[in-house]
Structures are given as structure tokens and as C-alpha cells.
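Asker: quick one, fold the following:
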Amino acid sequence: MMRTTNRSVVVGWGKNEFGQAGCLHRSSICRLPQIIPELNGAHVTSMACGDLFCIALAEGEGVWSWGRQASKAQRPCLLPFTRHKQILQVAAGQFHVLARLAHGVVLAWGSNERGQLGTRGVAVAVEPV
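Answerer: Next comes the predicted model:
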């Protein structure tokens, strides 16, 4: 689970075997909320969690991602392909991500095994399709 505080602090707790809770210690579960330092001070406007990963949209920065997924990052990292995009909102499915842009376009990446990205011929997209 994740939540923001009124001071632009993001905390995470819960299952953490792949780093999806954002907790610094490597254990299978974080029982108490812990600050996710990489997002400290960021103005997070939208967050979502998939099966084993989480994402957060930071105003003026882009989408941060962590846990087990295509980025392979267990600690939060900024996804370079989301920088300088006018992303308004993010959403996560079990193994994929959607990002809604200001002009109405939706970016999609992650698993496409069941066509959840809305395109054919790609099993997994590590960047938006």
C-alpha cells in the first residue's frame, strides 16, 4: 500500500518481497508505513499499484516505478520515457500501466498477454505503445 501525506511525503507498507512497498529493508513484509526517500519532496498527484509493483506520478518529473516489472528496479526510479510528457493520471493493472495525457492520449506499457495494452503482436512492452 502507498499513501501521501500533506507534506509531499510518500509512505509504503505491506508486501515487499520484490520491493513493491518501497521499504528500504529487504523483507517480505513492511508492517509499519515507511517513508520512500526517493519521492521525498516530490509533489505526487497520482499513484497506483499492480500485482508486484507500484507507480507514482510526480508533477514536473514524470512517472516513478518500483517493485517487480519491466523496469527491473526494486527501488523507485524515474522512467525516462515519461519525462516531459503532460501526464495527468496513472493507473495499474496486474502487470501493466496506463498513463493519461493532457490531450487525451493514453500511453500503455507492461504485459500485453491478453491484449490489455490495446495492441497486437507485442507480448511485453517496456516502453509505451
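Asker: just the pLDDT for the residue most central in space within the chain.
Answerer: Centroid-nearest residue in the chain, with CA atoms, centre = their mean: Ile55, separated by 1.3 Å. pLDDT, Ile55: 95.
Asker: so what's it up against?
Answerer: Ile55 makes contact with Met47, Ala48, Cys49, Val63, Trp64, Ser65, Val90, Ala92, Val97 under the criterion CB atoms under 8 Å, 6 or more residues apart in numbering. All C-beta atoms are positioned from the backbone trio N, CA, C, and that covers glycine.
Asker: what's the local residue count around the first one?
Answerer: Neighbouring residues of Met47 were enumerated by other CB atoms under 10 Å; the total is 21.
Asker: ok, it touching Met1?
Answerer: No: contact criterion CB atoms under 8 Å: Met47 and Met1 do not qualify, at 9.9 Å.
Asker: could you list the low-pLDDT ranges of this protein?
Answerer: Counting by pLDDT under 70, the chain has low-confidence residues at 5-7, 69-73.
Asker: and for the spatially closest residue to Ala99 that is not a sequence neighbour, the neighbour number?
Answerer: Distances taken as CB to CB, 6 or more residues apart in numbering place Leu107 nearest to Ala99, at 4.4 Å, with adjacent residues excluded. The number of residues packed around Leu107, counting by other CB under 10 Å, is 20.
Asker: do the same with Arg120
Answerer: 7.
Asker: one step back: how close does the residue nearest to the centre of the chain get to Gln89?
Answerer: Using CB to CB, to the nearest Å, Ile55 is found at 11 Å from Gln89.
Asker: before we move on, what about Lys15?
Answerer: From Lys15 to Gln89 the distance is 24 Å (CB to CB).
Asker: who has more neighbours out of the two?
Answerer: Between Lys15 and Gln89, counted using other CB under 10 Å, Lys15 has the larger neighbour count: 16 against 13.
Asker: specify the beta-bridge partners of the more buried one.
Answerer: Counting by DSSP bridges, Lys15 forms beta bridges with Ile29.
Asker: backbone dihedrals for Val10, please?
Answerer: Here is the backbone geometry of Val10 (degrees, to the nearest 10): phi -110, psi 130.
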